[in-house]
Structures are given as structure tokens and as C-alpha cells.
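Participant: Give me the fold of what follows.
(one chain, ligands or ions: 1)
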Amino acid sequence: MTVAICIGRIAAMKNALDSESNTPENTNSKVGFVSLGCPKALVDSERIITQLRNDGYQVAADYDEAGVVVVNTCGFIDSAKQESLDSIREAMDKNGKVIVTGCLGKDEQLIQQNFPEILSVSGPQQYESVVGAVHSHLPISFQHDPKIDLVPPQGIKLTPRHYAYLKISEGCNHRCSFCIIPSLRGDLASRPIGDVMDEAQRLVDAGVKELLVVSQDTSAYGLDIKYRTGFWQGRPLKTKFYDLCEALGELGIWVRLHYVYPYPHVDEVVPLMAEGKILPYLDIPFQHASPRVLKDMKRPANDAKVLERIKRWREICPDLNIRSTFIVGFPGETEEDFEYLLDWMDEAEIDRAGAFKYEAVEGAKANDLPDHVSPEISELRLQLLMDNQRRISEKRMPKKVGTTQQVLIDEISEEGIVGRSWADAPEIDGLVYIQTNKELSPGDLVEAKITAADEYDLWGEVN
Ligand code: SF4
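Facilitator: Predicted coordinates for the structure are as follows:
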């Protein structure tokens, strides 16, 4: 699961898309798109836009030129719900023809009550319903020739050309007490490994240099279909976490794993990291460390041996970088629980962390727990946790000065050249600021000598 709440993006990719399109300019076949929520929701948006482009639609750059606006909502926590409602309201005010989809769309009554004029409401993964609604409210009035108006084989991506999210499954079998995702997205449903690998290969062929593997529970991949054997390029492969990591590791690009739980079988992929086949990076949303809080949270893989497991992983792969998210102020969290969490973070040497104050979500079981923590204490704990994280990072980051790191260039602007090392996922981790006389482009992989570090970012030279 993720507690990250992204910002909306309305058709930021318009120019790139329009330049590929042969759709007549004088017909209104333009769809506005607002995508909210986590990377998994972003992948849903990519899929809907790809289908719409296949059907001959274009993406509008603003509300005025859109014949209809699709809002892909997030409903994970109440503040995300509010952001979704605000975005729908904005689209209604500025355009008026609005189709709602995504997690909040599951609560159709709420949407209809707030916006009786809405054209259509559907829940997450209901791609056909969204595309059908666009067709019925904005019928295409010209003959679309899919052979002329080409959509790239890898589909439309909302990320920069050199990295892409690869969604390997939908839903989740766990029932964490603070989370309503299973009721929104259903139980775990893994994509066949052949389909996932085909998509990965298409992305690599299109120039992607970094794949970010996402799902609600990446390490549970294949469990729902009993690790069925599939085929990729004529060879049998099990629909299983290890087999997927191994196969992705053969593609010769960066492979980064998100939303992994520390199950014992994760041990098997750490040697792949040590061998350089996949990035030595694990995004594990621990959420807490106190056994009592974890029990009330009903977290998966919450056994007391996690610290030992992390130490063992670091023995096998000393470069391993662990990112995590934590919730402070969970109902019943005592001072002692919180201190335990801080000490645990020190011992685990969590490299990167995001933290959130507990927020009640309508329909979540945790709401019924006693001893809710006051907002003031939650705020204080949030600050203390982030300070603790900064201290851990301050100790670890200077060790990188003097080393040579592979850096993926993200952006070149008048302000300079900015990239990321293998230890940094896009949008959530640190950056590497590059000094060089060389001509570089986004997507270039370079070797940078690290010359300076602060608690989050690095500075390096490329000769
Ligand atoms: S139920 Fe737990 S593991 Fe599943 S998505 Fe929610 S927080 Fe993540």
C-alpha cells in the first residue's frame, strides 16, 4: 500500500502526444485527464489514456479545450478523498462535463450527492466503463484510422521516457486495520508473468532505462494463482516474486522494487541485488516497529525477527538501500511504542523514510480502536521521527563521498544537470547534482565521482 498522495496532472504530456497524432485538429475529440493518487493509480491512468488514444482521442492541455474531463481519484485516506472531491469540483466548474473513476469512484453515492451533474462514476480498474463513458459523452465524429494514428507499442506513459512503472498485480489479500484498499481494489490478482515480461520488454525497447515494480504487495506476486507456470519468449517461468526479479534482471536496465514485505522468501532476491542484476533497493512500508502496534495494525510479515533479517540482507548485499514509510499516532500508540520505533529505525539503519500522522479512514477497522492519539502529540511524533531519520541519513550519506556511483540523468535545465543514483527512486528519494563538461541527455547513465553530500542529496563530477 502507499500513503503517498500525488498531485493531479492535467495532460502534461499533451505536446508529446499531439506530435504523434494525425487526428483532425478541428474536431473536438480532446479528453482532459486529471490523475491523482499513487503510482498504481498512475498506471491505471496510463492504461485508460492508451485506450483512448487507440480509439482516436487526443489529450487536452487544459479544461477549455477538453470535450470531456476524466478525473482518476484517490480514496485512500480522508485528506486524499478531499483532494479528489476538490479536483472534481474544479473540473465541474471549469469544464462541466466530468467522468469520475478510481478509488473514490467506488463510493458512487458520495460523488452523486456532491455532484448530481456528473456524467459517469466507476471504481478502480474499470477501464472499459471509463472508455465507454467517454465514447458515449464525446462520440468521435470522424473516421479514425488506427494504422495512421499510431500509439507506441509500449502504450502512453505519464512518466518521463527513461523510467516507467510496471504494475504486476492488483488488490491485496491483507486486511490492515487502517486501510480500505482491499475493499476498493479487491483481493490480490496477479498478472500473468508472460504479460508482465512482455510489457517490460516493450518498455525497454522504447528506451526505458529504469523499471519501478509496483503493486499493493509485490512480494506476494503469484500467490493467488498458486505460482502458475507461464511462458515468456518460449521459456517457462513461474508467476513468482523471485522468478520475476530474475527475469527482469536479464533486461539490462535498472529494476527497482516497491511495496515489498519482509517475508522470508524475500531473502532469495537479495543475492540478485548483490550480483548487480536488480538494484539493491527495497521499498518496504513497515509503518511501525512496536510489536503491539503492528498487531493492532494487523500488518503482514510483522514478526520480531525482521531486524535480524535486515542485518542478514546487509551482510549479503552491503549496498542495500531500504526505504520505508511509517505511521505515527496510531490509536493506542504509547510513548514507549514510539521510542521503540525510533530505536528500531536506528538499528535497522533505514536509509530513506516517509512518515504520516495516523488519519482515520471511513470504513477502516482501526477507527474502533481505543485511545486515539491527540493531533498535537501526533504532530510532535512526526517531527521527532523525521529528525531521527535525518540523523540516520546524515551518518550514512557522507560515506558515499569519494565513491563512484552510477547516475541516471533525469533533467537538464539552466540550473544544471540532475540525476539519481541507484539508491534513489524518482519523486520520493534524493538527487545527484552533476558537474561536467560533457553533453548529457535525460536517460543517460553515467559514472559520477561523488564530491559532496548533505543529508539527502549528493553532488558529483562526470569526466
Ligand atoms: S491491506 Fe495492508 S498490505 Fe494491503 S494495501 Fe492495505 S496497507 Fe497495504
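
Participant: Stretch 405-414 - what's its average pLDDT?
Facilitator: The average pLDDT for stretch 405-414 rounds to 93.

Participant: Quick one: residues in contact with stretch 101-113.
Facilitator: 36-37, 41, 44, 48, 70-76, 81, 84-85, 88, 100, 118, 121-124, 126, 129-130, 181, 183-185 (Cβ atoms under 8 Å, 6 or more residues apart in numbering). Using the backbone N, CA and C atoms, a C-beta is placed for each residue, glycine as well.

Participant: Helices - which of these land there?
Facilitator: In this view, the contacts of stretch 101-113 that belong to helices under DSSP state H are 41, 44, 48, 81, 84-85, 88, 129-130, 181, 183-185.

Participant: what would those residues look like in a markdown table with distance to L341?
Facilitator: As requested, the ones in helices among the contacts of stretch 101-113 are exported to a markdown table (distance: Cβ to Cβ, whole Å):
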| residue | distance to L341 |
| --- | --- |
| A41 | 28 |
| D44 | 33 |
| I48 | 39 |
| K81 | 27 |
| S84 | 30 |
| L85 | 33 |
| I88 | 37 |
| S129 | 42 |
| V130 | 40 |
| I181 | 23 |
| S183 | 27 |
| L184 | 28 |
| R185 | 28 |
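
Participant: Give the buried subset of those residues as a ChimeraX selection command.
Facilitator: The buried subset of those, as determined by 16 or more other Cβ atoms under 10 Å, is captured in ChimeraX by this line:
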select :41,44,48,81,84,85,88,130,181,184,185
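
Participant: which outside residues touch the lengthiest helix in the chain?
Facilitator: If each helix of the chain is counted by residues according to DSSP H, the longest one is helix 375-396. Taking contacts as Cβ under 8 Å, 6+ apart, the residues outside helix 375-396 that touch it are 326, 328-329, 333, 338, 341-342, 345-346, 349-353, 355-358, 373, 455-456.

Participant: which element is D410 on?
Facilitator: If you go by DSSP states H and E, D410 is part of strand 404-413.

Participant: quick one: low-confidence ranges for the protein?
Facilitator: Within the chain, the ranges that satisfy pLDDT under 70 run 1-27, 141-150, 302-304.

Participant: Please identify the residues of it in proximity to the ligand?
Facilitator: Taking Cβ under 6 Å from any ligand atom as the measure of proximity, the chain contacts the ligand at 1, 172, 174-176, 179, 181-182, 216-217, 300.

Participant: Please repeat the previous calculation with a cut-off of 8 Å.
Facilitator: Residues of the chain lying near the ligand by Cβ under 8 Å from any ligand atom: 1-2, 172-176, 178-182, 185, 216-217, 259, 261, 285, 287, 298-300.

Participant: Make a PyMOL selection of the buried ones in these.
Facilitator: Command for PyMOL, covering only those of the residues of the chain next to the ligand found buried under the criterion 16+ other Cβ under 10 Å:
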select buried, resi 1+2+172+174+176+178+179+180+181+182+185+216+217+259+261+285+287+299+300
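
Participant: Can you list which of the residues of the chain next to the ligand are found in helices?
Facilitator: Using DSSP H, the residues of the chain next to the ligand in helices are 181-182, 185.

Participant: Tell me the one of those residues nearest the ligand?
Facilitator: Nearest to the ligand out of these is I181 (Cβ to the nearest ligand atom; 3.9 Å).

Participant: There's contact between the closest one and Q216 in this structure, I believe.
Facilitator: Yes - counting by Cβ atoms under 8 Å, I181 touches Q216, with 6.1 Å between them.

Participant: Just the strands from the stretch 1-150 of the chain, written as ranges.
Facilitator: 30-35, 58-59, 68-73, 98-102, 120-121 (DSSP state E, counting those that start in this stretch).

Participant: so of the ones you listed, which one's packed in deepest?
Facilitator: For the strands of the stretch 1-150 of the chain, average neighbour numbers computed from mean count of other Cβ atoms under 10 Å are highest in strand 98-102, which has a mean of 29.

Participant: Just want the angle from that one to strand 30-35.
Facilitator: Angle, strand 98-102 to strand 30-35, by axes from the mean of the first three to the mean of the last three Cα atoms, to 10 degrees: 40 degrees.

Participant: Tell me which stretches of the protein form helices.
Facilitator: Counting by DSSP H, the helices of the chain are 14-20, 39-54, 78-94, 108-114, 127-137, 181-185, 193-205, 241-248, 270-274, 291-297, 306-316, 335-348, 375-396.

Participant: Grab the CA positions of the longest one and hand them over as PDB.
Facilitator: Meaning helix 375-396. Output of helix 375-396 as PDB, limited to C-alpha atoms (Å, rounded to 0.1, in the frame of the first residue of the first chain):
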ATOM      1  CA  PRO A 375      -3.300  15.700  17.000                       C
ATOM      2  CA  GLU A 376      -0.700  17.600  18.900                       C
ATOM      3  CA  ILE A 377       1.100  14.500  20.100                       C
ATOM      4  CA  SER A 378       0.900  13.000  16.600                       C
ATOM      5  CA  GLU A 379       2.400  16.200  15.100                       C
ATOM      6  CA  LEU A 380       5.200  16.200  17.700                       C
ATOM      7  CA  ARG A 381       6.000  12.500  17.000                       C
ATOM      8  CA  LEU A 382       6.000  13.200  13.300                       C
ATOM      9  CA  GLN A 383       8.700  15.900  13.700                       C
ATOM     10  CA  LEU A 384      10.700  13.700  16.100                       C
ATOM     11  CA  LEU A 385      10.600  10.800  13.700                       C
ATOM     12  CA  MET A 386      11.700  12.900  10.700                       C
ATOM     13  CA  ASP A 387      14.500  14.400  12.800                       C
ATOM     14  CA  ASN A 388      15.600  10.900  13.700                       C
ATOM     15  CA  GLN A 389      15.600   9.900  10.100                       C
ATOM     16  CA  ARG A 390      17.600  12.900   9.200                       C
ATOM     17  CA  ARG A 391      20.200  12.000  11.800                       C
ATOM     18  CA  ILE A 392      20.500   8.400  10.400                       C
ATOM     19  CA  SER A 393      20.800   9.800   6.900                       C
ATOM     20  CA  GLU A 394      23.400  12.300   8.000                       C
ATOM     21  CA  LYS A 395      25.600   9.400   9.200                       C
ATOM     22  CA  ARG A 396      25.200   7.300   6.100                       C
END
